[in-house]
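A.B. asks: Build me a structure from this.
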Amino acid sequence: MHVHTPGRRDAPVPAPGAGVSFIMPVLNEERYLEAAVASVLAQEVDGPAELILALGPSTDGTDALARRLAAADGRVRLISNPDADIPIGLNRAIAASAYPTIVRVDAHSALDAGYTRRAMATLARVRAANVGGVMRADGRTPFQRAVARAYNSPIGLGGGAYHSGGADGPAESAYLGVMRRAVLDEVGGFDESIRRGEDWELNLRIRRAGYRVWFDPDLAVTYWPRERWTRLVRQFRSTGTWRGELVRRYGRRNSLRFFAPPALVVLVVLALAVAAMQVTGVLHGVWALVASLVYLPLAAYLVVVVAYACSRRAGPGGRERLWALVVIPSMHLAWGAGFLVGAARGARENVDTSRLDRNTPLP
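C.D. replies: Residues are numbered from 1 along each chain as shown. So this is what the prediction gives:
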């Protein structure tokens, strides 16, 4: 693909009333799907609209619920995504879509009222190919709320604009995204070899093709994080592994903030090795003292985590603050460990199993 200067090309603006296609990959989302679909169907759209659900091989009641939702509203269409991979499901939904603007929706999220109308206006105003807003995480239990607050905090996910907000303007990537179908067709859609981070990679190709990716802080989507610690760890380990794969492929085009969690993992491993050698007497005297310097950045990290957990930012309740002490390091260490594996040997066939039951066979 020819590389253009990012931001120099205007994306096409469809005629008024040309219609919008919402696309949503779905897997084991019985608890969240109905609310997600309702938030889509409530959107105000200038022209016709459709919602295409790409159904993976769910093992709960998701498929039956999806069929009921489709029977109740003709705008809802169902297609099969037997591979369960998100980028494959997205491409299948795009291929089945009828309208020139594509709105990506996650079944674990809910669109704010006016989201689509605002996004369409921004797309037309700045002639962007993709526009996204803030991922406003929320929770229903103390653990989930602790995770949500970590998502929304620079301490948790590193301060990306769509997590913690920022100024209206060009962006590296977009959360979910409202996209022009013509540009997606031009750049080849989602890369089906990438199982996590597919949105970042797509937006990289959009920008390399010369188009604008835009962040609008007035756009907001409510996101519901994983409900259990084991699922959170599996999700972040998989996400980190695929980020490591993307670093292998694209190197310095990745933001420096992605390298902080793996650095933390390396420090933890070094500290454990130093502690073992000090206890066994392999390191002693001045060398043991010098080696103890490895503990300083870890002590500083723990101070930051404890200070966050004791602050109002971690939540008003004691249980949320206690969970914050677990959630923050779990996110960082799982992501960082996955990153090191992905950077060293690639993601290969790594799959995010955080929405699968442990007894569910992979497709």
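
A.B. asks: F22: what secondary structure?
C.D. replies: Taken by DSSP: H, G, I helix; E, B strand; the rest coil, the conformation at F22 corresponds to strand.

A.B. asks: same check, this time on P12
C.D. replies: coil.

A.B. asks: pretty sure it is touching L184, no?
C.D. replies: No - between P12 and L184 there is no contact under CB atoms under 8 Å: 11.6 Å. For the C-beta atoms, the positions are set from N, CA and C on the backbone; glycine is no exception.

A.B. asks: So if I had to pick from those two, which one is more boxed in?
C.D. replies: Taking other CB atoms under 10 Å, P12 and L184 do not tie; L184 has more neighbours (22 against 12).

A.B. asks: Now do the helix or strand that contains the more buried one, average pLDDT.
C.D. replies: Assigned by DSSP states H and E, L184 belongs to helix 181-187. Average pLDDT, helix 181-187: 96.

A.B. asks: what does stretch 233-249 give?
C.D. replies: Stretch 233-249 comes out with an average pLDDT of 91.

A.B. asks: Please identify the buried residues of that stretch?
C.D. replies: Judged by neighbour count (16 or more other CB atoms under 10 Å), stretch 233-249 contains these buried residues: 233-247, 249.

A.B. asks: quick one, phi psi at F215?
C.D. replies: Per-residue torsions, F215: phi -110, psi 130 (degrees, to the nearest 10).

A.B. asks: ok, it to D106 distance?
C.D. replies: According to CB to CB, to the nearest Å, F215 and D106 sit 18 Å apart.

A.B. asks: Just want to know which of the two has more residues nearby.
C.D. replies: Between F215 and D106, F215 has the larger neighbour count (other CB under 10 Å), namely 26 against 20.

A.B. asks: if I look at the nearest residue to the more buried one once chain neighbours are set aside, how far off is Y211?
C.D. replies: Once flanking residues are discounted, F215 sits nearest to A171: 3.8 Å by CB to CB, 6 or more residues apart in numbering. Taking CB to CB as the measure, A171 falls 12 Å from Y211.

A.B. asks: Comparing those two, which residue is more hemmed in?
C.D. replies: Taking neighbours as other CB under 10 Å, A171 and Y211 compare with Y211 leading, 26 against 22.

A.B. asks: For my notes, confirm that one occurs in a strand.
C.D. replies: No - under three-state DSSP, Y211 falls outside any strand and is assigned coil.

A.B. asks: tell me the contacts of the residue nearest to it when sequence neighbours are not counted?
C.D. replies: Excluding its sequence neighbours, the residue lying closest to Y211 (CB to CB, 6+ apart) is A129, at 3.7 Å. Going by CB atoms under 8 Å, 6 or more residues apart in numbering, A129 touches 11, 179-180, 183, 206, 211-213.

A.B. asks: Check A182 too.
C.D. replies: Contacts of A182 by CB under 8 Å, 6+ apart are 11-12, 100.

A.B. asks: got the buried residues for the longest helix seen in the chain?
C.D. replies: Secondary structure assigned by DSSP state H gives helix 318-345 as the longest helix of the chain. Of all the residues in helix 318-345, those buried under the rule 16+ other CB under 10 Å are 320-328, 330-343.
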